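Trainee: Here is a sequence together with a model predicted from it:
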Amino acid sequence: MKVIVIANQKGGVGKSTVACNLAICAAKDNLNVALVDADPQGTSMQFRSLRQADDISALAIIQPSIFTDVPKLTNFDLVLIDAGGRDNILLRAAITTAIHGLLLIPLLPSAVDIWATEDTFTILREARSIGAQIDAYAVLNQVKPNATVGKQAREAMVELSANNDVTLLEAQLGDREDFKKSFMGGLGVIEYDPKSKAALEIDALYQELRNRLGLNS
Ligand SMILES: Nc1ncnc2c1ncn2[C@@H]1O[C@H](COP(=O)(O)OP(=O)(O)OP(=O)(O)O)[C@@H](O)[C@H]1O
Ligand SMILES: [Mg+2]
């Protein structure tokens, strides 16, 4: 069993969107997947309740016991954790659970958003300082179809990420309506419109993460 923790203390960066869509990619890839909602807001649980297909198991764990509870989910191939945004013990426990796989930090490609991620890097640094070996990756989300801005943000992120021992993934997600429309129907973008750019992008992200985790379907 491998774990992907999707976290960023900054709100609205796409944690729930990415977690739910990756869960569906993994289910379509014949993995036994659990979606753990570690955010008291409950967005991922809501998504699961909207979803008719019974191919992903969702559970809410909004206690610091997430750190010991998740490793017991050994029936699953992949556990995705949608980690809530507050800086509290729960978020720290969720981030530290990434020792069983990897940490994925979604980032919006603007200077303000990149600065706001410093708090998350601090939590990561602190976890590592007490011995947690966490492989951490960042993914740019909601990239506008404006190559120059996207390129500048990428360069800034590569540098900031490298300073924090975080790898910026090749895959990135564009600002696409399909992510919003599909979510409301409990669908992943790969189901909503399999040929869309959104679908190709999330699939590329899923493949990149799967390779990093060494997961075989
Ligand atoms: N790539 C994208 N393209 C278009 N809209 C997106 C994309 N990613 C996320 N969104 C939208 O941005 C908003 C925030 O996304 P989401 O709820 O996934 O973020 P979050 O980090 O989980 O937020 P919170 O901190 O409130 O839990 C939602 O309305 C979602 O539909
Ligand atoms: Mg959320």
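Mentor: Perfect, thanks for sending it. Fair warning: this is a prediction, and the values are worked out from it, not measured in the lab. Ligands and ions are numbered 1, 2, ... in the order given.

Trainee: is stretch 17-36 up against ligand 1 anywhere?
Mentor: Yes: with Cβ under 6 Å from any ligand atom as the criterion, ligand 1 is reached by stretch 17-36 at Thr17. Yep, even glycine has a C-beta here, placed from its N, CA and C like the rest.

Trainee: can you list the residues of the chain near ligand 1?
Mentor: So the chain meets ligand 1 at 11-17, 39, 41, 43, 85, 141-142, 173, 175-176, 179-180, 183 (Cβ under 6 Å from any ligand atom).

Trainee: Go ahead and build a PyMOL selection from the buried members of the residues you listed.
Mentor: Of those, the buried ones go into a single PyMOL selection, burial set by 16 or more other Cβ atoms under 10 Å:
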select buried, resi 13+14+15+16+17+39+43+85+141+142+173+176+179+183
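
Trainee: restrict the residues of the chain next to ligand 1 to contacts with ligand 2.
Mentor: Contacts with ligand 2 within those, counted by Cβ under 5 Å from the ion: Lys15, Ser16, Thr43.

Trainee: wait, isn't the last one in contact with Asp82?
Mentor: Read that as Thr43. Yes: using Cβ atoms under 8 Å, Thr43 makes contact with Asp82 at a distance of 6.9 Å.

Trainee: which neighbours do those two share?
Mentor: With contacts taken as Cβ atoms under 8 Å, 6 or more residues apart in numbering, the residues that reach both Thr43 and Asp82 are Ser16, Asp37.

Trainee: pull the CA atoms of stretch 130-148 into PDB?
Mentor: Provided in PDB are the C-alpha atoms of stretch 130-148 (Å, rounded to 0.1, in the frame of the first residue of the first chain):
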ATOM      1  CA  ILE A 130      12.500  15.200  13.600                       C
ATOM      2  CA  GLY A 131      13.400  12.300  11.200                       C
ATOM      3  CA  ALA A 132      10.400  11.900   8.900                       C
ATOM      4  CA  GLN A 133      11.700  11.000   5.500                       C
ATOM      5  CA  ILE A 134       9.200  12.600   3.100                       C
ATOM      6  CA  ASP A 135       9.500  12.600  -0.700                       C
ATOM      7  CA  ALA A 136       7.800  15.900  -1.600                       C
ATOM      8  CA  TYR A 137       6.600  17.100  -5.000                       C
ATOM      9  CA  ALA A 138       4.800  20.200  -6.200                       C
ATOM     10  CA  VAL A 139       2.400  20.500  -9.100                       C
ATOM     11  CA  LEU A 140       1.200  23.700 -10.700                       C
ATOM     12  CA  ASN A 141      -2.600  23.900 -10.900                       C
ATOM     13  CA  GLN A 142      -4.900  26.300 -12.700                       C
ATOM     14  CA  VAL A 143      -2.200  27.400 -15.100                       C
ATOM     15  CA  LYS A 144      -3.700  30.000 -17.500                       C
ATOM     16  CA  PRO A 145      -3.100  29.400 -21.200                       C
ATOM     17  CA  ASN A 146      -0.500  32.200 -21.200                       C
ATOM     18  CA  ALA A 147       2.900  30.700 -21.900                       C
ATOM     19  CA  THR A 148       5.000  33.600 -20.500                       C
END
